[in-house]
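Visitor: generate coordinates for the sequence data below:
(one chain, ligands or ions: 1)
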Amino acid sequence: MNEERGKFSKLGFILAAAGSAVGLGNLWRFPFEVGDNGGGLFVLIYIIAIAAIAIPVLMAEVSLGRYTGKNPVGAILTIRPGSPWKWVGYLGVASGFMILSFYSVVAGQTVGYFCKAVSGGFRDMTPETAEAMYTGFTGHSVAQVALLLLFILLTVFVVSRGVAGGIERCSKILMPVLLGILVLLLVRSLTLEGASLGVAFYLKPDWSALTPKLVIAAMGQAFFSMSLGMGTMITYGSYVSKKDSIPGSSGWIALFDTFIAILAGFIIFPAIFSQGMDPAQGSGIMFNVLPVLFAKMPGGMVFGALFFLLLSIAALTSTISILEVPVAYFIDEKGWKRKYAAYIIGGMAFLIGVPSALSNGGVAFFSNLPGIHMGFADLWNKVWGSYSLSIGAFFIALFVGYVWKTSNALNEIRTGTRRFPLGGLWAFSVRFMAPVLILAILVISFL
Ligand code: PFF
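Guide: Prediction:
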């Protein structure tokens, strides 16, 4: 065993994988995608995508990782040496770089909001002052780049210390406390005047909103939120012990991740509607509405600070898992030292992240090109966060279903599990349902 790699302890995998899954995807990205895509219908399709596609793909990734003990490229090459399937692994490594670059920008912003909360910045917030604060903050180029750098350095620091030492420890205390604050926020939001309008928006599917764009966004969000389609769960699977149950852990991870996202919607939308704010306001929605909510809570300044601190840590346990994919690749395949790999790749992600850090403040990069009407960070979020992960998940399902073969994968899945009666259903999803649905949605949305 390569000592640069490491292993998770028994509970460590569930904690670390849940730490990877739960992050900005749940509290920042999910609400803004729901808001931009008209509410309830998006939520419905998201839940279907989680159950029918994402959970089976999660089990496929983890079993492939545990069986081979490798990063995505190495895992594929172990099963099929020298084959072009390795490009699926390279796509994952590339997605890791790119997602890390814009994700860390938003993560840096949560650190910035933690500082604002500590210095009493949320006092007497109204929708107008909250929006002005967000615009001013994201327009401050130096602060944005500095916070991006800070966040990447934090990520690099943990990853350079290795999986068991750094990654596991971070995930342990965080979740219960975060959940506690979310429940408080939930109660405050649901008891605001006019909250029921937000609940209706969130839960009532409006079928006239059904478009390919909505479906691809919901499916992409399912992959993004569960950290799938780029080999994160292959990589984390490679640190899992043969004694752990893959179906059991996968079920818990999916349940927990989906629960937090759904909860986030129940916090954001009642507050949005009760304050007369626009639900389709894009990626700033969380930053615009939560300070208003905290201002209306007893002890809101303390809870606000605690919330943004915990969200920053939740984002950190996700960026760690994103950086771990390219780092594991360079350790396994190129023989790099863990520390060296973490610093080099982190440094590159920082450089690629700078345009995203500047774009929220209105610095145009591609947004002037015909057909592209969004800032750099939003564009990256779509391209890498939705499309690239969907394409990656499509090929991973095909690879496990037809090249490695579901019978071999099921042997691995059943190792460490007492009973797994759903093997046939799982194989059906990986071989047929997931690839057909993903391909159909991708093709339709390109047409
Ligand atoms: N799942 C993380 C979140 O919801 O915040 C983001 C993420 C992590 C995406 C790891 C992709 C990934 F490979």
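Visitor: for Trp252, grab the count of nearby residues.
Guide: 14 (other CB atoms under 10 Å). Where you see a C-beta, it was placed from the backbone N, CA and C, and this is true even at glycine.
Visitor: in space, what's closest to whichever residue of the chain sits closest to the ligand - neighbours in sequence excluded?
Guide: Nearest residue of the chain to the ligand, counting by CB to the nearest ligand atom: Gly25, 2.0 Å away. In space, and not counting its chain neighbours, Gly25 is closest to Ser225: 4.2 Å by CB to CB, 6 or more residues apart in numbering.
Visitor: which residue ranges form the strands in the stretch 201-350 of the chain?
Guide: Ranges of strands within the stretch 201-350 of the chain: none, based on DSSP state E, counting those that start in this stretch.
Visitor: re the thing from before, got a pLDDT number for the residue nearest to Gly25?
Guide: Confidence at Ser225, expressed as pLDDT, is 97.
Visitor: spell out which residues of the stretch 301-447 of the chain are next to the ligand.
Guide: Ser318, Ser321, Ile322 (CB under 6 Å from any ligand atom).
Visitor: hmm, try it at 8 Å
Guide: The stretch 301-447 of the chain comes close to the ligand at residues Ala314, Ala315, Ser318, Thr319, Ser321, Ile322, Val325, Gly385, Leu389, as judged by CB under 8 Å from any ligand atom.
Visitor: how far does the longest helix anywhere in the chain sit from the chain's center?
Guide: For the chain, the longest helix by residue count, based on DSSP state H, is helix 300-334. In terms of CA atoms, centre = their mean, to the nearest Å, the centre of helix 300-334 is found 10 Å from the chain centre.
Visitor: thinking again about what came up before, just to check, the residue of the chain closest to the ligand is in contact with Thr317?
Guide: No - at 11.7 Å, Gly25 does not count as touching Thr317 under the criterion of CB atoms under 8 Å.
Visitor: touching both of those two, which residues are there?
Guide: When CB atoms under 8 Å, 6 or more residues apart in numbering defines a contact, no residue borders Gly25 and Thr317 alike.
Visitor: shaky segments in the stretch 1-150 of the chain?
Guide: Within the stretch 1-150 of the chain, the set of residues satisfying pLDDT under 70 comprises 1-7, 9-11.
Visitor: contacts for stretch 117-128?
Guide: 116, 133, 275-277, 288-289, 291-292, 294-295, 300-301, 304-305, 307-308.
Visitor: of these, buried ones?
Guide: Buried subset of those (neighbour count, 16 or more other CB atoms under 10 Å): 116, 133, 275, 277, 288-289, 291-292, 294-295, 300-301, 304-305, 307-308.
Visitor: farthest pair within the residues you listed?
Guide: Pairwise distances across the buried ones among the contacts of stretch 117-128 (CB to CB) peak at 22.6 Å, for the pair Met277 and Ala305.
Visitor: which helices and strands does the helix or strand hosting Gly198 pack with?
Guide: Assigned by DSSP states H and E, Gly198 belongs to helix 195-203. Helices and strands touching helix 195-203, by 3 or more CB pairs under 8 Å, 6 or more residues apart in numbering; DSSP states H and E, are helix 40-49, helix 169-190, helix 246-274.
Visitor: where among the ones you listed is average confidence lowest?
Guide: helix 169-190 - the lowest mean pLDDT of the helices and strands packed on helix 195-203, at a mean of 82.
Visitor: now the angle between helix 195-203 and it, please.
Guide: Helix 169-190 runs at 130 degrees relative to helix 195-203, counting by axes from the mean of the first three to the mean of the last three CA atoms, to 10 degrees.
Visitor: for helix 169-190, output the C-alpha coordinates as PDB.
Guide: Extracted in PDB, the C-alpha atoms of helix 169-190 (Å, rounded to 0.1, in the frame of the first residue of the first chain):
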ATOM      1  CA  ARG A 169     -11.500  14.900  11.600                       C
ATOM      2  CA  CYS A 170     -13.100  17.900  10.000                       C
ATOM      3  CA  SER A 171     -16.400  16.100   9.200                       C
ATOM      4  CA  LYS A 172     -17.200  14.900  12.700                       C
ATOM      5  CA  ILE A 173     -18.600  17.700  14.800                       C
ATOM      6  CA  LEU A 174     -19.900  19.800  12.000                       C
ATOM      7  CA  MET A 175     -23.100  18.100  10.900                       C
ATOM      8  CA  PRO A 176     -25.100  18.000  14.100                       C
ATOM      9  CA  VAL A 177     -24.500  21.700  14.900                       C
ATOM     10  CA  LEU A 178     -25.200  22.800  11.400                       C
ATOM     11  CA  LEU A 179     -28.500  20.900  11.500                       C
ATOM     12  CA  GLY A 180     -29.400  22.600  14.800                       C
ATOM     13  CA  ILE A 181     -29.100  26.100  13.300                       C
ATOM     14  CA  LEU A 182     -31.000  25.100  10.200                       C
ATOM     15  CA  VAL A 183     -33.900  24.000  12.300                       C
ATOM     16  CA  LEU A 184     -33.900  27.400  14.100                       C
ATOM     17  CA  LEU A 185     -33.800  29.200  10.700                       C
ATOM     18  CA  LEU A 186     -36.700  27.000   9.500                       C
ATOM     19  CA  VAL A 187     -38.900  27.900  12.400                       C
ATOM     20  CA  ARG A 188     -38.200  31.600  12.000                       C
ATOM     21  CA  SER A 189     -38.800  31.500   8.200                       C
ATOM     22  CA  LEU A 190     -42.000  29.500   8.400                       C
END
